[in-house]
Each structure stands twice: as C-alpha cells, then as structure tokens.
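[1] quick one, fold the following:
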Amino acid sequence: MRVWTGIALALLAEIIAALLVTAHATREVRVRRVRLDAERQIAETRHGPIAYASWGEGPVVLVVHGAGGGFDQGRLIAEALGGDGFRFIAPSRFGYLGSPMPADASTAAQADALAELLDHLGVERAVVLGFSGGVPPALQLAARHPDRVAALAALSSAPFTPHAPDVQERPVPDWLYQALFGSDAVYWTLSKIIPGRLSAAFDARPELRAGLSAEEKQFVDRLVEGFLPASERRAGVRNEGAAIDPAAVYDLERIAAPTFVAHARDDRINPLAVGEAIAARVPGAELVAFDTGGHLLLGRHAAVRARFAALAAAAEATRLER
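    The predicted structure follows:
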C-alpha cells in the first residue's frame, strides 16, 4: 500500500508541475500575442494574407527573416544588422505569425508574395536584407522581380537548390529543431531552465558570446525568447525544405542588383559554401567571409551594419540620379 501511495503522490506531483508549467507558458504566450497583435498589419495578396510590421523613415528596406521567425524576428534582424535611418518592412513568410500556408509555398511563390506586398504599400523598389532561411526567397525576388530590388544583402545564407551541402557539426539535429516548435509549453520551459543550451542550439555558443557587447548579448536573448509563440511558427519551419526542393530554379545570373554576401566560416547551421555559391553566381556580388561569428555573426554586427549602410547609400544615390 505504501509503495502505491508513494507512486500516486509522485505522479500527482508531476501532474501539478506540468499544469504549473503550462499555466506560466500560456500566460507568457498570451502577453506576447497581445504585443504582436498590436504591431501586426495585414496585406492581402493573391497568395493569401501576408502579416508584416513597418517602422522608421528613410530608404525602404525589406527584411526577409530566417527559419523559426516571423515579422518580429525581422525587426530584431533589422535593428541588429540593418542599422538606423531606414523605413523597414518586415513580413512574415508563409506559415509564420499571421501569414498562412498557401497551396504553393515555394520560394518562388514567397518572392512573388513579397513583390505584391511592395505593391500593397506603394513601394516601387526596396533594398532587400535576407537572413538565413530568408535568403532563398530574397534571391528569388531579385531574380524574378529585378525592377523591385535596389540592392541585396544575403546574410548567413541557408542552402538552396542545388546547393544543399551537409553540415556535420550542427548544434542539434534537425528533428530537434522541429520538436522545439511543437509546443509553446516545451519551448517556454527550455527557455527558462536551460537558456544557455537553447541559445547554443541557434549557434550562439559560449565561446562566441564571450566578450560580446551588451547590445549583441541582448540580441541573442531577445532572439531566443522571441520564438514564442512557437506553435504559430510550426508550419513555416516545416516548409523550410522548400528552399532545397529539387524542382526549384534559382536563376541567380539574372540578378542585376548590387549584392553583398556575409557569412562566418564557423557557422554551424549554414555552411560558408552556400555564401560562396551565391557570390560566384550573382554578377558582381561581394563576399565577406568572417573567420568567426557563427550563424548569428556575433561580434560582427557593427561591421555588417556599416557595410549594409554603404550598400543602401549607393542604391539611394543611384535612385536619385535617375
């Protein structure tokens, strides 16, 4: 009897702990959803509604977020790597934070939807800032709609057809990335219990975080926390494979926009070979390969911002000369 009583008490304790975790996670997700709803705007396109955020004044920059993102991640990337003095437009790609999955969720369709978003906002041309999983649709936009892209920055580029080299040292296996976005409660719990391990899963490993500025440390923390609500990003994460669909065609030789490619040699999520392939195929593209920085280009943000500002300034000068 005592054995069964002990088992029952232990089970009850686990149930109570699970309920408490779920309650705390639900409360935090609810607060985040309120903030996101206040910032989110919706554009209707032929591919369905596209959620986006827009802020700032100056030359227009379209920010295309990476895997696990949404318009909120786009804002973080813009603030960390884009700098000041711009009007930023940060959409949610298909399957992320208010942008539902259409029948055709290919990177080409994503690019067409981005062009329609510019139409909706009355923007003729924009500088495009693509990060990680956002680079393949950004490349498609520049190739399929060259008149809409004034310049292109491709940062920590994700593999795209036919460049899909294996990464031998990923921080965690692909199935675990998928699992992280399966439950808000699971993600919230991990972010509270093992935040350091979780940030390392996104290649913000301890040796890269050592000596970072307060600004870059805050960027990492906000990025990890910002994956909530994870459940509203699940469909987008599952669609990231569209970038390496064997049927996809990336006609990079058609890209006429000035292009800047930045990648770290020690990126454990996306290999440098992807950035090198872009620089080799896009006419006149410039490649900056940092020795260190990892996937998030840690310790390199100031250098990237400066190079991006120069790229955008040159594009704006060209526009004014016309």
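[2] please, which helix or strand holds Ala256?
    Per DSSP states H and E, Ala256 falls between elements, in no helix or strand.
[3] hang on, it packs against Asp147?
    No. Ala256 is not in contact with Asp147 according to CB atoms under 8 Å; the separation is 9.1 Å. From N, CA and C alone the C-beta is placed, and that goes for glycine too.
[4] between the two, which has more neighbouring residues?
    Ala256 (15 against 10; other CB atoms under 10 Å).
[5] does Arg307 count as helix, strand or coil?
    helix (DSSP: H, G, I helix; E, B strand; the rest coil).
[6] mind checking the end-to-end distance for stretch 141-151?
    With CA to CA, to the nearest Å applied, stretch 141-151 spans 11 Å between its terminal residues.
[7] kindly report the same for stretch 127-146.
    Termini of stretch 127-146 sit 11 Å apart (CA to CA).
[8] list the buried ones in that stretch?
    Residues of stretch 127-146 classed as buried: 127-145 (neighbour count, 16 or more other CB atoms under 10 Å).
[9] doesn't Gly130 fall inside a helix?
    No. Read with three-state DSSP, Gly130 is strand and lies in no helix.
[10] in the sheet, who's paired with it?
    Beta-bridge pairing of Gly130 under DSSP bridges involves Val64, Ala154.
[11] which other residues reach stretch 309-322?
    Outside stretch 309-322, the residues within contact range by CB atoms under 8 Å, 6 or more residues apart in numbering are 59, 61, 83, 85-86, 125, 127, 150-151, 153, 257-258, 260.
[12] buried sites along it?
    311-312, 315-316.
[13] kindly report the same for stretch 101-120.
    In stretch 101-120, counting by 16+ other CB under 10 Å, buried: 102, 105-118.
[14] can you check stretch 207-224 too?
    Under 16+ other CB under 10 Å, the buried positions of stretch 207-224 are 208-209, 212, 216, 219-220, 223-224.
[15] please apply the same query to stretch 226-242.
    226-230, 232-237, 239-240, 242.
[16] mind checking the end-to-end distance for it?
    23 Å.
[17] quick one on the thing from earlier: and the least confident of the contacts of stretch 309-322?
    Lowest pLDDT of those: Gly83, 88.
[18] among the contacts of stretch 309-322, which ones are buried?
    Buried by 16+ other CB under 10 Å: 59, 61, 83, 86, 125, 127, 150-151, 153, 257-258, 260, out of those.
[19] which one of those residues is nearest Pro159?
    Nearest to Pro159 out of the buried ones among the contacts of stretch 309-322 is Ala153 (CB to CB; 18.1 Å).
[20] rewinding a little: can you list the buried residues of stretch 226-242 in JSON lines and add distance to Arg75?
    Formatted as JSON lines, the buried residues of stretch 226-242 follow (distance: CB to CB, whole Å):
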{"residue": "Gly226", "distance to Arg75": "9"}
{"residue": "Phe227", "distance to Arg75": "14"}
{"residue": "Leu228", "distance to Arg75": "15"}
{"residue": "Pro229", "distance to Arg75": "16"}
{"residue": "Ala230", "distance to Arg75": "18"}
{"residue": "Glu232", "distance to Arg75": "16"}
{"residue": "Arg233", "distance to Arg75": "15"}
{"residue": "Arg234", "distance to Arg75": "21"}
{"residue": "Ala235", "distance to Arg75": "21"}
{"residue": "Gly236", "distance to Arg75": "16"}
{"residue": "Val237", "distance to Arg75": "19"}
{"residue": "Asn239", "distance to Arg75": "21"}
{"residue": "Glu240", "distance to Arg75": "20"}
{"residue": "Ala242", "distance to Arg75": "23"}
